[in-house]
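Enquirer: Requesting a structural model of the entry that follows:
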Amino acid sequence: MLEKSRVLVFTTAYRPLIGGSEIALEEMVRHLPDIFFDIVTPRHRRAFLKKESGNNFCVHRVGFGLGELLDKLSFPCLGFLKALRLMSKNKYKAIHAHQASYGGGVAWLVKVFFPKTKFILTLQEGKELNKQSPIIKFFRNLMIRKADAVTAISVYLADFARNVNPKAKISVIPNGVDTEKFKPAGNPDKNTLITVSRLVPKNGVGDLIKAVKKIVDEIPDAKLIIVGGGPLRKNYELLITDYGLGDK
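Expert: Here you go, the predicted structure:
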């Protein structure tokens, strides 16, 4: 039997912690059964297993499980040491970092010491990148400049990466939906918009509510369903009332 191609992945968080990036990575692993993924991530909590294996993946959790902040801060060093051990045993087609953060920092170090290894960087950030602090922008740009290829979940992120590293191969790959799990029940209402979001500033639900105010002027039966909770819930409820959208 031919040995599967291997990819070494660095991510700041993975299951049982759940977020958009974690789910996207899990789906990628599930849909590419012919590739073996070694996933290196901080341990975060002592209850989390140090090593966890599946059919085509192995999760390596590094750190002491002393909390998310401490384990993330130590991840560039401990993750790099784990990468060296794994690379001494296995041959990898590429290294892949999810987000230009702590995981991307480990990948950057690996690329510095192993420049011939292909480095893929996935951008899933949901912030206005140019408004962040200079030190965050400095380190993010370092990672993007080292990448051979960048995948981004939006045109905005792709354009940002292209401005930083025009030599990289850049692709827009939006987060997908598993249509085996999520299907319309009956005849969907074509004028109903649904968002499933944490109610925090970066997800822009307030902007969506403002857009609906304009949409209903042209499409009177349009409706918005907001699924989620968060610190801005009360703010959005007041905004809906102010715009007279209570029945929308």
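
Enquirer: I figured S197 was touching I226, is that so?
Expert: Yes. At 7.3 Å, S197 and I226 qualify as touching, with contact defined as Cβ atoms under 8 Å. Just so you know, the C-beta spots here come from the backbone N, C-alpha and C atoms, and that holds for glycine as well.

Enquirer: Now do the shared contacts for those two.
Expert: V205 (Cβ atoms under 8 Å, 6 or more residues apart in numbering).

Enquirer: Poorly predicted segments of the chain, please.
Expert: Per-residue confidence for the chain (pLDDT under 70) gives these ranges: 1-3, 186-188.

Enquirer: what about the helices in it?
Expert: 20-31, 68-89, 102-113, 134-146, 155-164, 205-218, 233-242 (DSSP state H).

Enquirer: how far is the third one from where the chain is centred?
Expert: Its chain's C-alpha centre lies 17 Å from the corresponding centre of helix 102-113 when counted by Cα atoms, centre = their mean, to the nearest Å.

Enquirer: Please list the outside residues in contact with it.
Expert: 8, 10-12, 40-42, 72-73, 75-76, 79-80, 83, 87, 95-98, 117, 119, 121, 139-140, 142-143, 146-147.

Enquirer: Of those, select the buried ones using a PyMOL command.
Expert: Here is the PyMOL command that selects the buried residues among the contacts of helix 102-113 (16 or more other Cβ atoms under 10 Å):
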select buried, resi 8+10+11+12+40+41+42+72+75+76+79+80+83+87+95+96+97+98+117+119+121+139+140+143+146+147
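
Enquirer: Adding distance to N175 as columns, could you present the helices of the chain in TSV?
Expert: Listed next are these as TSV, based on distance: least, Cβ to Cβ, whole Å:
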stretch	distance to N175
helix 20-31	5
helix 68-89	23
helix 102-113	17
helix 134-146	20
helix 155-164	12
helix 205-218	17
helix 233-242	23
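
Enquirer: do you know which of those helices lies nearest E180?
Expert: Distance to E180, taken as Cβ to Cβ, is lowest for helix 20-31 among the helices of the chain, at 10.8 Å.

Enquirer: which residues are contacting that closest one?
Expert: By Cβ under 8 Å, 6+ apart, helix 20-31 touches 9, 11-15, 37, 39, 54, 56-57, 98-99, 122, 124, 153, 175-176, 178.

Enquirer: now swap in stretch 235-242 and tell me
Expert: 199, 205-206, 209-210, 226, 246, 248.

Enquirer: nearest to E68, of these?
Expert: Nearest to E68 among the contacts of stretch 235-242, with distances taken as Cβ to Cβ, is L199, at 21.3 Å.
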